[in-house]
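J.: the following block contains a protein sequence and its predicted model.
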Amino acid sequence: MMRVAGTSIAAALLAAAGVVLGGADAADADQERPGCAERNGILGVSRVVEIDTSGGPRFGNNQYKEIDFLKPGEIVLTFDDGPLRRKTTAVLNALERHCTKATFFMVGRMALVDPAMVREIDRRGHTIGTHTWSHKMQGRLSTASGENEIELGVSAVSLALGKPVAPFFRFPYLSDPARMQTQLKGRNQGIFSIDVDSLDFRTRSGSTMKNRVLSTLKRKGKGIVLMHDIQRSTAAGVSDLLDALAREGYKVVHIVPKSPIKTIARYDEMAEGLAEKRKKYANSRPLSSRSIVWPVASASEFPLAKPLKIEPPGLFKGPLPERSGLVRSPVEELRESLIENTERRADIAQPPRTQNRPKALKGPVNEDWRENFFNN
């Protein structure tokens, strides 16, 4: 049976941390999620922790050792950098099969490209936080540029969702300069680091990603787990990972905010302008690049979009909740194809084996493929 319960943190810890963590009122799982009560061998949700982010509390022992609300054997599942529909959907379906919850730290411009995916993640009951506008390393930015990245990310993801998101933030690359921590504390945003790093961006193998998470958890015993719902290894291996976590007795804790974040009007306007620009760009080129992927054909020859369908791999025989019928347009298919080609080139790229290599170029490093991909 799926386990959902509220929880609270010891008063001594609350006083020392200067932050209130309380038990969230959770609806009865058996009534809310048809079929979950009959399933065996699933993670479910052990408890729900409501977090008051007043003053900008920090979590995750990889960098901060101030607040630790997890008991031995407890984990928090988190996913960064998305959404990216094909891979995010694989992650969502794996979580759904285990009747469990996660937190998604989204990049603003990724959210604006696919707001329907953002709303689907929310519809399935997961928590949505932010991960800046364009995933730039905060340590390389001025205070003003860093603020723009953070606040535009909040406004963009909130716009895509259609309501304010959780005041939960994670620094790209975990680069957390003090000046930007001060900015986040002033905005009452919780800062989330990690305890367990899947390093899924270093491999295309789902089993490698899974084994790395399990081995780190075995050593640490609990923690906030970092994965990325844009990575092939995570999309391929997350289902097996959740199965293994359930077998080994780990318990999932779902984190939720006491209250959503309040966006800033001028950044909301910027996000709306960028969303409109993206929409006009997509509408102006619906067929111009189609020949890259499909031959020219009449409209009647194009395959019909099919609603999302989940086929769980034998975990249970009960019904799943109704799907929302997400479909993917040809433009989205092309976008993901281009992204996968970019990932593939980055994955196999090797430095030239010559005796006289050119000196490294000076200047800022473009640390993310999305920097170029979304410049249009």
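T.: On my side now, so go ahead.
J.: show the pLDDT at residue 157.
T.: In this prediction, residue 157 carries a pLDDT score of 98.
J.: three-state assignment of it?
T.: helix (DSSP: H, G, I helix; E, B strand; the rest coil).
J.: residue 210 versus that one, what's the distance?
T.: From residue 157 across to residue 210, the span is 28 Å (Cβ to Cβ, to the nearest Å). In this view, the C-beta of every residue, glycine as well, is placed from N, C-alpha and C.
J.: what of residue 188?
T.: Distance, residue 188 to residue 210, using Cβ to Cβ: 36 Å.
J.: so between the two, which is more surrounded?
T.: Neighbour count, other Cβ atoms under 10 Å: between residue 188 and residue 210, residue 210 has more, with 24 against 16.
J.: neighbouring contacts of the helix or strand hosting the more buried one?
T.: Using DSSP states H and E, residue 210 maps to helix 206-220. Here helix 206-220 makes contact (Cβ atoms under 8 Å, 6 or more residues apart in numbering) with 75, 195-200, 203, 223, 225, 227, 231, 233-238, 240-241, 244-245, 248, 250.
J.: from the residues you listed, which would you call buried?
T.: Burial by neighbour count, judged by 16 or more other Cβ atoms under 10 Å, picks out 75, 195-200, 203, 223, 225, 227, 231, 233-238, 240-241, 244-245, 250 from the contacts of helix 206-220.
J.: these in strands, which ones?
T.: Counting by DSSP state E, those place 75, 196-197, 223, 225, 227 in strands.
J.: flag every buried residue along the helix or strand where residue 182 lies.
T.: Taking DSSP H and E as the criterion, residue 182 maps to helix 178-186. Within helix 178-186, the residues scored as buried using 16+ other Cβ under 10 Å are 180-181, 183-185.
J.: as JSON lines, those with pLDDT would be great.
T.: Shown next, in JSON lines, are these (pLDDT from 0 to 100):
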{"residue": "180", "pLDDT": "97"}
{"residue": "181", "pLDDT": "97"}
{"residue": "183", "pLDDT": "96"}
{"residue": "184", "pLDDT": "97"}
{"residue": "185", "pLDDT": "97"}
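J.: dump those to JSON lines, plus distance to residue 96.
T.: Converted to JSON lines, those look like this (distance: Cβ to Cβ, whole Å):
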{"residue": "180", "distance to residue 96": "35"}
{"residue": "181", "distance to residue 96": "35"}
{"residue": "183", "distance to residue 96": "36"}
{"residue": "184", "distance to residue 96": "31"}
{"residue": "185", "distance to residue 96": "35"}
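J.: out of those, which one sits closest to residue 46?
T.: residue 184 (28.2 Å; Cβ to Cβ).
J.: residues contacting that closest one?
T.: By Cβ under 8 Å, 6+ apart, the neighbours of residue 184 are 56, 150, 169, 191.
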